[in-house]
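> got a structure for you, letters missing:
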């Protein structure tokens with residue numbers, strides 16, 4: 001797979017060179033990371049933040065996922081170019097992640113809507129899996145009703161509700177399963193494969209030394225992508241994936257195959273013959 005990379009030239013102090021006539025706009029956007037933690041999540045945070053700043057938008061980072069969106073306050077902070085410096089190589093996410101039961105209720109989403117309107121934000125970028133993006137879609141569909149309720153309770157005026165009547169949401173699929181149609185690679189899938197290969201490399205010498213056969217199970221839920229690509233990369237003898245269940249009698253064929261390999265004494269020798 002080929003990835004198209006765009007590099008923004010930077011001064012020594014980390015600010016971008018001006019490219020073209022980059023006029024400032026009044027667009028404001030937020031980036032929120034929800035529950036799942038993926039090794040490349042900080043790269044997504046960095047890309048969204050810097051590209052938003054580059055096009056002239058004000059970018060806010062929401063800490064602790066939907067919980068921070070509901071609680072507001074210091075959990076919602078204005079970002080600058082240096083806010084996301086030196087994070088691309090780090091695991092986890094610098095803005096935190098948390099499950100939020102309050103956001104599952106209308107009262108919680110009402111509080112989240114109020115926190116957005118207070119900061120004049122109508123553009124939300126959400127990175128997460130099925131639950132996170134489903135929650136974002138529910139939030140979007142309820143947006144007009146939430147604003148009407150805020151008007152009735154006197155928290156905002158009708159003029160404010162009219163000004164921010166639209167909520168735009170961009171969803172970034174954060175999933176190691178790589179099971180989303182329409183994208184070549186979901187955020188986290190390639191990093192997961194890298195970790196799987198590290199584990200396989202460590203297990204291989206142990207298997208050879210102890211003359212044992214190892215069965216390695218990887219995540220992926222109902223999608224066999226990770227199992228398939230890791231089997232190809234490691235040269236596995238057997239592969240089981242949900243999309244292609246094994247035929248009846250596979251257990252006997254597997255045992256027969258292991259017996260055949262055992263007969264080739266000295267094959268793949270590292271200390272002892274491989275069995």
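It's in. No experiment lies behind these values; they were computed from the predicted model shown. Residues are numbered from 1 along each chain as shown.
> how are the helices of the stretch 1-150 of the chain distributed by residue range?
41-54, 65-71, 106-118, 130-152 (DSSP state H, counting those that start in this stretch).
> what about the shortest one, distance to the chain center?
Looking back up the chat, that one is helix 65-71. On the basis of C-alpha atoms, centre = their mean, to the nearest Å, helix 65-71 sits 18 Å off its chain's mean C-alpha point.
> what pLDDT does the model give residue 38?
Residue 38 is assigned 59 on the pLDDT scale.
> could I get the helices of the stretch 1-150 of the chain as TSV with mean pLDDT, mean neighbour count and distance to residue 100?
To be clear about C-beta, it is placed using only N, CA and C from the backbone, and glycine gets the same treatment. Below are these laid out as TSV (pLDDT from 0 to 100; neighbours: other C-beta atoms under 10 Å; distance: least, C-beta to C-beta, whole Å):
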stretch	mean pLDDT	mean neighbour count	distance to residue 100
helix 41-54	94	20	17
helix 65-71	95	25	4
helix 106-118	96	19	7
helix 130-152	95	17	9
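> now distance to residue 95 too, for the ones you listed, in TSV please.
Converted to TSV, those look like this (distance: least, C-beta to C-beta, whole Å):
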stretch	distance to residue 95
helix 41-54	6
helix 65-71	8
helix 106-118	15
helix 130-152	14
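> out of those helices, which is closest to residue 199?
Nearest of those to residue 199, taken as C-beta to C-beta: helix 41-54 at 20.7 Å.
> just checking, what packs against the closest one?
Under the contact definition 3 or more C-beta pairs under 8 Å, 6 or more residues apart in numbering; DSSP states H and E, helix 41-54 sits against strand 28-33, strand 58-62, strand 123-128.
> could you name the helices and strands sitting against the second one?
Identification of packing neighbours for strand 58-62 by 3+ C-beta pairs under 8 Å, 6+ apart yields strand 28-33, helix 41-54, strand 76-78.
> re the thing from before, ok, which of the helices of the stretch 1-150 of the chain comes nearest residue 223?
Using C-beta to C-beta, the nearest of the helices of the stretch 1-150 of the chain to residue 223 is helix 130-152, at 12.1 Å.
> returning to what we had before: and the helices and strands packed on helix 41-54: which comes nearest residue 82?
Closest approach to residue 82 among the helices and strands packed on helix 41-54 (C-beta to C-beta): strand 58-62, 12.4 Å.
> could you tell me the angle between that closest one and helix 106-118?
On the basis of axes from the mean of the first three to the mean of the last three C-alpha atoms, to 10 degrees, strand 58-62 is oriented at 150 degrees to helix 106-118.
> and the angle for strand 58-62 with helix 41-54?
Angle, strand 58-62 to helix 41-54, by the same axes, to 10 degrees: 150 degrees.
> what pairs with strand 58-62, parallel or antiparallel?
Here strand 58-62 is paired, per DSSP bridges, with strand 28-33 (parallel), strand 76-78 (antiparallel).
> quick one: residue 225 and residue 243, what's the gap?
9 Å (C-beta to C-beta, to the nearest Å).
> what's the residue positioned nearest the centre of the chain sitting at in phi/psi?
Per C-alpha atoms, centre = their mean, the C-alpha nearest to the average position across the chain is that of residue 174, at 2.4 Å. Residue 174 has phi and psi values of phi -100, psi 100 when expressed as degrees, to the nearest 10.
> quick check: it touching residue 132?
Yes: look at residue 174 against residue 132 with C-beta atoms under 8 Å: they come within range, at 7.5 Å.
> by mean pLDDT, show me the worst of the helices and strands packed on helix 41-54.
Among the helices and strands packed on helix 41-54, strand 28-33 carries the lowest mean pLDDT (a mean of 63).
> rewinding a little: which one's more surrounded, residue 225 and residue 243?
Legend: neighbour count by other C-beta atoms under 10 Å for residue 225 and residue 243, higher for residue 225 (20 against 10).
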